[in-house]
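> Take a look and give me a structure for this.
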Amino acid sequence: MGEACVDRLGDRVPGRRGVVVGDRQVDRAGDLGRVGLDGGAELVEAAAAVFVVSGVDAPVRAIAAEAGVGMGTIYRHFPTRADLVIAVYRHQVEACAEAGPELLRSSATPQEALRRGIDLFADFLVTKHGLAAGLRSDKARFETLHASFLDHLVPVCAGLLEAAGVEDLGALDLLRGVGNLCAGGDPHARRMVGLLLDGLLSR
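Residues are numbered from 1 along each chain as shown. Reported below is the predicted structural model:
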(Lines give C-alpha, C1' and ligand atoms only; values in the text may rest on other atoms or scores of the structure.)
Protein backbone atom coordinates (compact mmCIF):
# COMPACT_ATOMS: atom_id res chain seq x y z
CA MET A 1 0.00 0.00 0.00
CA GLY A 2 3.03 2.23 0.06
CA GLU A 3 2.92 2.91 -3.68
CA ALA A 4 2.05 6.41 -4.78
CA CYS A 5 -1.59 7.25 -5.29
CA VAL A 6 -2.92 7.90 -8.77
CA ASP A 7 -3.66 11.59 -9.16
CA ARG A 8 -4.65 12.05 -12.81
CA LEU A 9 -8.23 11.47 -13.91
CA GLY A 10 -8.28 8.63 -16.38
CA ASP A 11 -5.30 6.70 -14.95
CA ARG A 12 -6.32 3.19 -14.03
CA VAL A 13 -5.06 1.39 -10.97
CA PRO A 14 -4.50 -2.34 -11.50
CA GLY A 15 -6.20 -4.57 -8.97
CA ARG A 16 -7.66 -8.00 -8.46
CA ARG A 17 -11.37 -8.52 -8.63
CA GLY A 18 -12.46 -11.87 -7.32
CA VAL A 19 -11.05 -14.66 -5.17
CA VAL A 20 -10.43 -18.03 -6.79
CA VAL A 21 -11.89 -20.81 -4.67
CA GLY A 22 -11.71 -24.32 -6.02
CA ASP A 23 -12.49 -24.17 -9.73
CA ARG A 24 -14.55 -21.01 -9.69
CA GLN A 25 -14.23 -17.35 -8.76
CA VAL A 26 -15.99 -16.05 -5.68
CA ASP A 27 -17.00 -12.40 -5.97
CA ARG A 28 -14.82 -10.33 -3.67
CA ALA A 29 -17.79 -8.08 -2.98
CA GLY A 30 -19.99 -10.92 -1.74
CA ASP A 31 -23.73 -10.41 -2.22
CA LEU A 32 -23.65 -7.34 -4.40
CA GLY A 33 -27.34 -6.72 -3.91
CA ARG A 34 -26.62 -5.69 -0.35
CA VAL A 35 -25.10 -2.45 -1.57
CA GLY A 36 -28.70 -1.35 -2.00
CA LEU A 37 -27.98 1.13 -4.79
CA ASP A 38 -28.10 0.55 -8.53
CA GLY A 39 -24.53 0.55 -9.83
CA GLY A 40 -23.07 0.72 -6.32
CA ALA A 41 -21.68 -2.80 -6.59
CA GLU A 42 -19.33 -1.85 -9.40
CA LEU A 43 -18.11 1.13 -7.41
CA VAL A 44 -17.36 -1.09 -4.41
CA GLU A 45 -15.39 -3.41 -6.69
CA ALA A 46 -13.42 -0.49 -8.11
CA ALA A 47 -12.74 0.98 -4.67
CA ALA A 48 -11.53 -2.40 -3.37
CA ALA A 49 -9.07 -2.68 -6.26
CA VAL A 50 -7.73 0.83 -5.70
CA PHE A 51 -7.51 0.42 -1.93
CA VAL A 52 -5.29 -2.66 -2.38
CA VAL A 53 -2.71 -0.56 -4.23
CA SER A 54 -3.07 2.90 -2.72
CA GLY A 55 -4.83 2.48 0.64
CA VAL A 56 -8.09 3.92 1.88
CA ASP A 57 -6.86 7.48 1.37
CA ALA A 58 -6.62 7.00 -2.39
CA PRO A 59 -8.09 9.95 -4.33
CA VAL A 60 -11.69 9.63 -5.44
CA ARG A 61 -10.60 10.34 -9.01
CA ALA A 62 -8.61 7.08 -9.00
CA ILE A 63 -11.67 5.11 -7.91
CA ALA A 64 -13.83 6.84 -10.49
CA ALA A 65 -11.27 6.03 -13.21
CA GLU A 66 -11.12 2.38 -12.15
CA ALA A 67 -14.93 2.19 -12.30
CA GLY A 68 -15.14 4.13 -15.54
CA VAL A 69 -17.49 6.76 -14.11
CA GLY A 70 -17.37 10.41 -13.13
CA MET A 71 -16.50 11.51 -9.62
CA GLY A 72 -20.06 12.74 -9.12
CA THR A 73 -21.31 9.17 -9.45
CA ILE A 74 -19.09 8.09 -6.56
CA TYR A 75 -20.41 10.86 -4.34
CA ARG A 76 -24.04 10.16 -5.23
CA HIS A 77 -23.70 6.57 -4.04
CA PHE A 78 -21.28 7.20 -1.17
CA PRO A 79 -21.50 10.79 0.15
CA THR A 80 -18.51 10.32 2.47
CA ARG A 81 -15.32 8.30 2.31
CA ALA A 82 -16.43 6.44 5.43
CA ASP A 83 -19.55 5.25 3.61
CA LEU A 84 -17.40 3.79 0.84
CA VAL A 85 -14.87 2.25 3.23
CA ILE A 86 -17.67 0.56 5.17
CA ALA A 87 -19.18 -0.86 1.99
CA VAL A 88 -15.85 -2.26 0.82
CA TYR A 89 -14.96 -3.72 4.22
CA ARG A 90 -18.36 -5.35 4.72
CA HIS A 91 -18.36 -6.97 1.31
CA GLN A 92 -14.81 -8.23 1.70
CA VAL A 93 -15.80 -9.87 4.98
CA GLU A 94 -18.86 -11.41 3.36
CA ALA A 95 -16.71 -12.78 0.54
CA CYS A 96 -14.45 -14.54 3.06
CA ALA A 97 -17.46 -15.99 4.87
CA GLU A 98 -19.13 -17.19 1.68
CA ALA A 99 -15.94 -18.95 0.61
CA GLY A 100 -15.97 -21.29 3.64
CA PRO A 101 -18.53 -23.87 2.44
CA GLU A 102 -17.02 -23.88 -1.05
CA LEU A 103 -13.59 -24.58 0.40
CA LEU A 104 -14.92 -27.65 2.20
CA ARG A 105 -16.45 -28.91 -1.05
CA SER A 106 -13.45 -28.26 -3.26
CA SER A 107 -10.53 -29.16 -0.96
CA ALA A 108 -9.00 -32.63 -0.85
CA THR A 109 -9.23 -32.76 2.96
CA PRO A 110 -10.89 -30.70 5.71
CA GLN A 111 -7.41 -29.76 6.92
CA GLU A 112 -6.62 -28.31 3.51
CA ALA A 113 -9.92 -26.42 3.59
CA LEU A 114 -8.96 -24.89 6.95
CA ARG A 115 -5.57 -23.84 5.62
CA ARG A 116 -7.09 -22.26 2.53
CA GLY A 117 -9.77 -20.52 4.58
CA ILE A 118 -7.24 -19.03 6.98
CA ASP A 119 -4.98 -18.08 4.07
CA LEU A 120 -7.89 -16.21 2.52
CA PHE A 121 -8.59 -14.47 5.82
CA ALA A 122 -4.91 -13.57 6.24
CA ASP A 123 -4.78 -12.19 2.72
CA PHE A 124 -7.79 -10.04 3.49
CA LEU A 125 -6.17 -8.72 6.67
CA VAL A 126 -2.79 -7.99 5.07
CA THR A 127 -4.20 -6.17 2.06
CA LYS A 128 -7.13 -4.44 3.76
CA HIS A 129 -5.72 -3.56 7.18
CA GLY A 130 -6.23 0.13 6.51
CA LEU A 131 -9.99 -0.20 6.08
CA ALA A 132 -10.82 -0.68 9.75
CA ALA A 133 -8.15 1.78 10.83
CA GLY A 134 -9.80 4.38 8.65
CA LEU A 135 -12.97 4.15 10.73
CA ARG A 136 -11.59 4.14 14.26
CA SER A 137 -12.43 7.79 14.70
CA ASP A 138 -16.12 6.91 14.23
CA LYS A 139 -16.58 4.63 17.23
CA ALA A 140 -20.22 3.71 16.64
CA ARG A 141 -19.69 2.76 13.00
CA PHE A 142 -16.49 0.90 13.80
CA GLU A 143 -18.18 -1.16 16.51
CA THR A 144 -21.05 -2.03 14.16
CA LEU A 145 -18.58 -3.09 11.49
CA HIS A 146 -16.60 -5.18 13.95
CA ALA A 147 -19.78 -6.92 15.11
CA SER A 148 -20.60 -7.76 11.49
CA PHE A 149 -17.07 -9.11 11.09
CA LEU A 150 -17.56 -11.47 14.03
CA ASP A 151 -21.07 -12.50 13.01
CA HIS A 152 -19.91 -13.52 9.54
CA LEU A 153 -16.51 -15.07 10.15
CA VAL A 154 -16.60 -16.78 13.55
CA PRO A 155 -19.26 -19.38 12.55
CA VAL A 156 -17.46 -20.13 9.29
CA CYS A 157 -14.12 -20.58 11.05
CA ALA A 158 -15.79 -22.78 13.68
CA GLY A 159 -17.15 -25.01 10.93
CA LEU A 160 -13.74 -25.35 9.32
CA LEU A 161 -12.12 -26.17 12.66
CA GLU A 162 -14.74 -28.80 13.44
CA ALA A 163 -14.40 -30.40 10.02
CA ALA A 164 -10.60 -30.50 10.44
CA GLY A 165 -10.94 -32.22 13.82
CA VAL A 166 -9.52 -29.35 15.86
CA GLU A 167 -11.25 -29.38 19.23
CA ASP A 168 -8.98 -27.48 21.61
CA LEU A 169 -8.97 -24.07 19.96
CA GLY A 170 -11.97 -21.83 19.48
CA ALA A 171 -12.71 -20.01 16.24
CA LEU A 172 -12.53 -16.56 17.83
CA ASP A 173 -9.14 -17.34 19.39
CA LEU A 174 -7.78 -18.52 16.06
CA LEU A 175 -9.05 -15.45 14.22
CA ARG A 176 -7.57 -13.20 16.91
CA GLY A 177 -4.23 -14.99 16.66
CA VAL A 178 -4.16 -14.61 12.89
CA GLY A 179 -5.25 -11.00 13.23
CA ASN A 180 -2.38 -10.25 15.61
CA LEU A 181 0.12 -11.83 13.23
CA CYS A 182 -1.23 -9.76 10.35
CA ALA A 183 -1.41 -6.49 12.29
CA GLY A 184 0.07 -3.60 10.37
CA GLY A 185 0.13 -5.37 7.03
CA ASP A 186 3.39 -7.26 7.75
CA PRO A 187 4.51 -8.86 4.44
CA HIS A 188 5.85 -11.85 6.37
CA ALA A 189 2.51 -12.48 8.06
CA ARG A 190 1.45 -15.23 5.67
CA ARG A 191 4.51 -17.32 6.54
CA MET A 192 3.88 -16.90 10.26
CA VAL A 193 0.23 -17.88 9.81
CA GLY A 194 1.39 -21.00 7.95
CA LEU A 195 3.62 -21.94 10.88
CA LEU A 196 0.71 -21.41 13.27
CA LEU A 197 -1.46 -23.80 11.24
CA ASP A 198 1.37 -26.34 10.99
CA GLY A 199 1.51 -26.48 14.77
CA LEU A 200 -2.25 -26.56 15.15
CA LEU A 201 -2.78 -29.43 12.71
CA SER A 202 0.19 -31.51 13.83
CA ARG A 203 -1.11 -32.10 17.34
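
> Might you report the residue contacts of residue 194?
If you count contacts by Cβ atoms under 8 Å, 6 or more residues apart in numbering, residue 194 has them with 115, 119. Using the backbone N, CA and C atoms, a C-beta is placed for each residue, glycine as well.

> what about it, which helix or strand?
According to DSSP states H and E, residue 194 maps onto helix 189-201.

> chain center to that helix: distance?
With Cα atoms, centre = their mean, to the nearest Å as the basis, helix 189-201 stands 19 Å off its chain's centre.

> and what of stretch 85-102?
For stretch 85-102 - counting by Cα atoms, centre = their mean - the centre lies 6 Å from the chain centre.

> got the residue ranges for the helices in this structure?
40-54, 60-67, 71-77, 81-106, 110-133, 139-163, 171-181, 189-201 (DSSP state H).

> Could you check how many residues crowd around residue 147?
10 (other Cβ atoms under 10 Å).

> pLDDT score assigned to it?
Note for residue 147: predicted pLDDT of 86.

> try residue 183
77.

> Any figure for the gap between it and residue 141?
Distance, residue 183 to residue 141, by Cβ to Cβ, to the nearest Å: 21 Å.

> Looking at the two, which is more packed in?
Shown here are residue 183 and residue 141; by other Cβ under 10 Å, residue 141 has more neighbours (15 against 12).

> show me the contacts for the residue lying closest to residue 122 once chain neighbours are set aside.
Leaving aside its chain neighbours, residue 122 sits nearest to residue 193 (4.7 Å; criterion: Cβ to Cβ, 6 or more residues apart in numbering). Listed by Cβ under 8 Å, 6+ apart, the contact partners of residue 193 are 118, 119, 122, 178, 181, 182.

> just residue 154 next, same as before
171, 172, 175.

> any idea how far it is from residue 43?
29 Å.

> For the helices of the chain, which has the smallest mean pLDDT value?
Among the helices of the chain, helix 110-133 carries the lowest mean pLDDT (a mean of 81).

> Counting neighbours, what do you get for the closest residue to residue 168 other than its chain neighbours?
Once flanking residues are discounted, residue 168 sits nearest to residue 203: 7.7 Å by Cβ to Cβ, 6+ apart. Residues near residue 203, counting by other Cβ under 10 Å, number 8.
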